[in-house]
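Q: Pasting the sequence and the predicted coordinates here, then a few questions.
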Amino acid sequence: MKRLIPVCRVYLLVILLAATVLSPFPYSLAAIVLLAAIAYSAARPVPPRLKIGLSVCAIVLTPLAAEPVLSYWASSPVVRQGLAAILMLPALFLLDSSLLQNAGRQFDSERNRRDLTPTARALLTTFMVILILALVIDNLTLLFADTIFGIYLIDTSAVTFFTIPGEPINLPGVWRRTIAGTDVSLSLLARNNAPMILHCLLSPEDKWVKITPRHFTVERNMSLDVHFTPPLAGPSRPKMHLATIDPRGFVQRNQVLEPVELHVIPRAKFAEWLAHQFLEQSGTWTAVPLSLMPEVRLPKRGTDYYGSRSYQPSDMLKDIDWKHTLKLNRLTIKEYIETSERVFIIAANLAVSNPEEADKLAGNLVGAALTLAQENIPAALAAYDTKQVIETTPVLEPREILHRALALVKAISIVDFTPRVLQPTDVTRLRRDINQLKQVSSEPAKRLLNMLQFEYEAIRKSAEKHPAALALTSVTEHTPAPATIIVISEMNHDSEALALTLEKLARQDFTRITVRR
């Protein structure tokens, strides 16, 4: 089929060249313009939509320009007009080729279950306009050419409309159990129920569903990769909107599919189950796969360098990992561990804004305690909410910490926080700016310095009375340094208080690990 396209173009160019020389004005002018356009499209790549428009122009104008040329061979007007209309058949072939190229580029998700595409509507409208014009001006050549054009459109549209079934693509159902917030990947087999190739666009309704590829062409079967990260409150059968278009782009069909059924296990429930299993079977307990645990990384005992992580407020500039910073194009901090006698402090903010955050917090809290228990590392607890310190403990053996973490899950509260317009203050940067402004003696610098000092003092006084600072201060007073603080918080009300307190504790040899997943 592709080999015939150059032949059809050469054929039209010859016909139009003859019409340019032998046809009177204005037919010769139309032949020149059409000849130049077809020659340009043959020499340079042009969009398929432009090719469709050019082919329609060739269907309409070629018979009009060629009819005077045929007067040298056919004296009967009707025969001459009929032959002129037949001469445009190669242009119809070029139109069909352009439609095949443009078919997969015109999806419209807002259309009905089964409807004509914008291309089909435009072509049918063009057919009707030309038909009316031919009847008004009483031009049989234009009427014959438009009739052939209309037969092609109506026949192709009707065959497509009634041949493709109402549900052209079938996705067999898949059942999967997963933990909320855990990445899941699976494959779906798309089966084509239509007797022709179909162009498809598969769009998930939920943002936590990713499909590869979303835009594909299927002849019989096609394998699709689907990736899920289901939230706690997500639907058990996520919807996918499938739009299919026939090979020539005349008819679009929309389907709503639910091929995947998910059984989402809450993080808190799973972490609680793991904790009870550990407490009941400590002697025969085997380590839980890290992919199922909250993202709590603990250092190996006896090592100095722990790892690198992204920069966070209150980090020291001397700890910047310049190699990874340049490689990743973001500030990266080195973490260190000094002795095998280091203990841990779990600092948990028990105030959240919705059930999804509550489930995440519970999973992280129990998961952190369980990880410490698996490693047999002693730890302390510092739990608080927006109003008060919930619980503080001295350093306890890990099984006791796990028991208390399970009990703290019941103290998680959902709070209606006022939406925050500004980002939390970067305390480290604020202090650095203050120190730099102290070295400048200009009057504008002094005024700015006074404003920043006022802001810093306000944050400091507020942080001193904040439950986060009170809880951490109470625990660290009875915890020997060096120690590591595992921060489990959504940073919804305690960001400045934590930044100031952790910065102060960092000077006392307390390091930090932040868990936010």
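A: Good, I have the coordinates.
Q: how about P45, secondary structure?
A: Following DSSP: H, G, I helix; E, B strand; the rest coil, P45 is assigned to coil.
Q: where's it relative to R9, distance?
A: Per Cβ to Cβ, to the nearest Å, P45 is found 14 Å from R9. In this view, the C-beta of every residue, glycine as well, is placed from N, C-alpha and C.
Q: okay, these two: which has more neighbours?
A: Using other Cβ atoms under 10 Å as the criterion, P45 and R9 rank with R9 on top: 19 against 7.
Q: Surely the more buried one touches A42?
A: Yes: counting by Cβ atoms under 8 Å, R9 does reach A42; the two are 5.2 Å apart.
Q: okay, which residue of this protein is out on the far edge from center?
A: In the chain, S75 marks the outermost C-alpha relative to the chain mean, sitting 66.5 Å out by Cα atoms, centre = their mean.
Q: In three-state terms, how would it be classified?
A: Judged by three-state DSSP, the three-state class of S75 is coil.
Q: pLDDT wise, what is it at?
A: The model reports S75 with a pLDDT of 70.
Q: Now do the same contact list for it.
A: Neighbouring residues of S75 by Cβ atoms under 8 Å, 6 or more residues apart in numbering: there are none.
Q: That one and S28: what is the separation?
A: 22 Å.
Q: ok, then the element right after the lowest-mean-pLDDT helix or strand in the chain?
A: For the chain, counting by mean pLDDT, DSSP states H and E, strand 305-310 ranks last in confidence among helices and strands (a mean of 64). Going down the chain from strand 305-310, the next helix or strand is helix 322-328, by DSSP states H and E.
Q: which parts of that following helix are buried?
A: Neighbour-count burial for helix 322-328, counted by 16 or more other Cβ atoms under 10 Å, picks out 324-325.
Q: What is that helix packed up against?
A: Contact partners of helix 322-328 among helices and strands, from 3 or more Cβ pairs under 8 Å, 6 or more residues apart in numbering; DSSP states H and E: none.
Q: Work out the gap between it and the centre of the chain.
A: Centre-to-centre, helix 322-328 and its host chain are 27 Å apart (Cα atoms, centre = their mean, to the nearest Å).
Q: List of residues touching that helix?
A: Contacts of helix 322-328 (Cβ under 8 Å, 6+ apart): 308, 331-332.
Q: swap in stretch 95-109?
A: By Cβ under 8 Å, 6+ apart, stretch 95-109 touches 1, 5, 48-49, 51-52, 54-56, 59, 117-119, 152, 199, 201, 203, 215, 217, 241, 243, 245-250, 252, 254.
Q: Report the buried members of these.
A: 48, 51-52, 54-56, 59, 117, 119, 152, 199, 201, 243, 245-250, 252, 254.
Q: what about the strands in the stretch 101-250 of the chain?
A: 114-116, 169-170, 174-179, 184-192, 198-204, 209-212, 215-218, 221-228, 240-245 (DSSP state E, counting those that start in this stretch).
Q: sorry, that was for the stretch 401-517 of the chain
A: 413-414, 483-488, 510-515.
Q: hey, which of these is tucked in deepest?
A: Among those, ranked by average contacts under mean count of other Cβ atoms under 10 Å, first place goes to strand 483-488 (a mean of 23).
Q: which other helices and strands contact it?
A: Using 3+ Cβ pairs under 8 Å, 6+ apart, strand 483-488 is in contact with strand 343-349, helix 355-375, helix 495-506, strand 510-515.
Q: go with 6 Å
A: If you count contacts as 3 or more Cβ pairs under 6 Å, 6 or more residues apart in numbering; DSSP states H and E, strand 483-488 packs onto strand 343-349, helix 355-375, strand 510-515.
Q: Indicate each strand paired with the last one and its parallel or antiparallel sense.
A: Neighbouring strands of strand 510-515 in its sheet, by DSSP bridges, are strand 483-488 (parallel).
Q: can you give me the mean pLDDT across the strand it pairs with?
A: Strand 483-488 carries an average pLDDT of 92.
Q: Tell me which residues are up against it.
A: For strand 483-488, the surrounding residues in contact (Cβ atoms under 6 Å, 6 or more residues apart in numbering) are 343-348, 364-365, 368, 510-515.
Q: do the same with stretch 429-449
A: 452, 456.
Q: in that stretch, what's buried?
A: For stretch 429-449, by 16+ other Cβ under 10 Å, it's 430, 437, 449.
Q: and if you look at stretch 116-135?
A: By neighbour count on 16+ other Cβ under 10 Å, the buried set for stretch 116-135 is 116-117, 119-120, 123-124, 126-127, 130-131, 134.
Q: Just the mean pLDDT for that stretch, thanks.
A: 91.
Q: contacting residues around that stretch?
A: Outside stretch 116-135, the residues that touch it by Cβ under 6 Å, 6+ apart are 56, 106, 142-143, 146, 149-150, 153, 157, 249-250, 252.
Q: among these, which one has the lowest pLDDT?
A: Within the contacts of stretch 116-135, pLDDT is lowest for Q106, at 77.
Q: Against V56, how distant is it?
A: From Q106 across to V56, the span is 16 Å (Cβ to Cβ).
Q: Please apply the same query to T325.
A: Distance from T325 to V56, by Cβ to Cβ: 58 Å.
Q: same deal with T332?
A: For T332, the distance to V56 - Cβ to Cβ - is 59 Å.
Q: Could you do G234 as well?
A: Using Cβ to Cβ, we find G234 at a distance of 48 Å from V56.
Q: Roughly how far does F228 sit from R512?
A: Distance from F228 to R512, by Cβ to Cβ: 32 Å.
Q: looking at the helices and strands packed on strand 483-488, which is closest to T392?
A: Of all the helices and strands packed on strand 483-488, strand 343-349 sits nearest to T392, with 9.6 Å by Cβ to Cβ.
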